[in-house]
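Engineer: here's my sequence, what's the structure:
(chains A and B)
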Amino acid sequence: DGGITQSPKYLFRKEGQNVTLSCEQNLNHDAMYWYRQDPGQGLRLIYYSQIVNDFQKGDIAEGYSVSREKKESFPLTVTSAQKNPTAFYLCASRSSGYLALSGANVLTFGAGSRLTVL
Amino acid sequence: GQQVMQIPQYQHVQEGEDFTTYCNSSTTLSNIQWYKQRPGGHPVFLIQLVKSGEVKKQKRLTFQFGEAKKNSSLHITATQTTDVGTYFCAGLYAGGTSYGKLTFGQGTILTVHP
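Structural biologist: Just a heads-up that it's a prediction; the model follows:
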């Protein structure tokens, strides 16, 4: 069964610690995304990657870092520089293709990781 | 940068009433997508609109894309309790340094009272 796996589902960390959230997909998708969701604020884009070894900052990249060494994997590190890291983090992927007309460019989401910083 | 504004933030309806949520982008979109997130779940794709002025229907749901490809709406006719959740629009930008960037609206939380 193809899909996106995020781990861990729940994570508790002390303030000042770096945390890495895992995102793995077996959909053979080229593009991957990380979003943060806070109550009442919708989904805000942290980082995205169109191809391996390349990624771009989204709207709220400060305090986060990513890597894209493999097509299947796009881990997100929440660093100690992130002022308010407690949130629900969603990873998503999308196949490539001509963006405007491809029927396969919609996002498939993982189940999410809920990070709580104590 | 690109922004997608979505209103209203909350909508409470009685079962059987209609519901509409609206999205507006600051710049022209390549396409717009709609997602639904059930309470405690993750967003699930509903539909994609690509062409200027496009209208698509899925049973009781009607989706529209504006002529200028900057705004969109989702209308639900005769809501049911199963429609409960948060509805998001997401705009896909294709130009320049924003190639491939998908930006979500804030979402509309729909509650339906039986």
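Engineer: can you give the distance of the worst-scoring helix or strand of chain B on mean pLDDT from its chain's centre?
Structural biologist: Of all helical and strand segments in chain B, the minimum by mean pLDDT, DSSP states H and E falls on strand B:101-104, at a mean of 84. Relative to its parent chain, strand B:101-104 has a centroid offset of 12 Å by C-alpha atoms, centre = their mean, to the nearest Å.
Engineer: quick check: bridge partners of the residue sitting nearest the centre point of chain B?
Structural biologist: For chain B, the residue nearest the mean C-alpha position is B:Cys89 (3.4 Å; C-alpha atoms, centre = their mean). For B:Cys89, the beta-bridge assignment (DSSP bridges) gives partners B:Trp34.
Engineer: the residue nearest to A:Leu107 when sequence neighbours are not counted: what secondary structure?
Structural biologist: Of all residues not flanking A:Leu107 in the chain, A:Ala92 sits nearest, at 4.2 Å (C-beta to C-beta, 6 or more residues apart in numbering or on different chains). Any C-beta I mention is one placed from the backbone N, CA and C, and that applies to glycine too. Using DSSP: H, G, I helix; E, B strand; the rest coil, the structure places A:Ala92 in strand.
Engineer: same check, this time on B:Gln106
Structural biologist: Using three-state DSSP, the three-state assignment for B:Gln106 comes out as coil.
Engineer: burial count for the spatially closest residue to it that is not a sequence neighbour?
Structural biologist: Sequence neighbours aside, A:Gly42 is the residue nearest to B:Gln106 in space, at 3.9 Å (criterion: C-beta to C-beta, 6+ apart). With neighbours defined by other C-beta atoms under 10 Å in any protein chain shown, the count for A:Gly42 comes to 24.
Engineer: quick one: contacts for A:Gly42?
Structural biologist: Taking C-beta atoms under 8 Å, 6 or more residues apart in numbering or on different chains as the definition of contact, the neighbours of A:Gly42 are B:6, B:88, B:104-107.
Engineer: next, count neighbours for the residue nearest to A:Leu107.
Structural biologist: Neighbours of A:Ala92 under the rule other C-beta under 10 Å: 29.
Engineer: identify the bridge partners of it.
Structural biologist: Each beta-bridge partner of A:Ala92 is listed here: A:Tyr33, A:Phe109, as defined by DSSP bridges.
Engineer: distance of it relative to A:Leu45?
Structural biologist: Relative to A:Leu45, A:Ala92 is positioned 10 Å away (criterion: C-beta to C-beta, to the nearest Å).
Engineer: which neighbours do the two have in common?
Structural biologist: A:33-35.
Engineer: correct me if wrong: B:Gly66 contacts B:Ser72.
Structural biologist: Yes - distance between B:Gly66 and B:Ser72: 6.5 Å, which falls inside the contact criterion (C-beta atoms under 8 Å).
Engineer: compare these two and say which is more crowded by neighbours.
Structural biologist: Legend: neighbour count by other C-beta under 10 Å for B:Gly66 and B:Ser72, higher for B:Ser72 (27 against 18).
Engineer: doesn't B:Val55 make contact with that one?
Structural biologist: No - using C-beta under 8 Å as the test, B:Ser72 is too far from B:Val55 to be in contact (10.4 Å).
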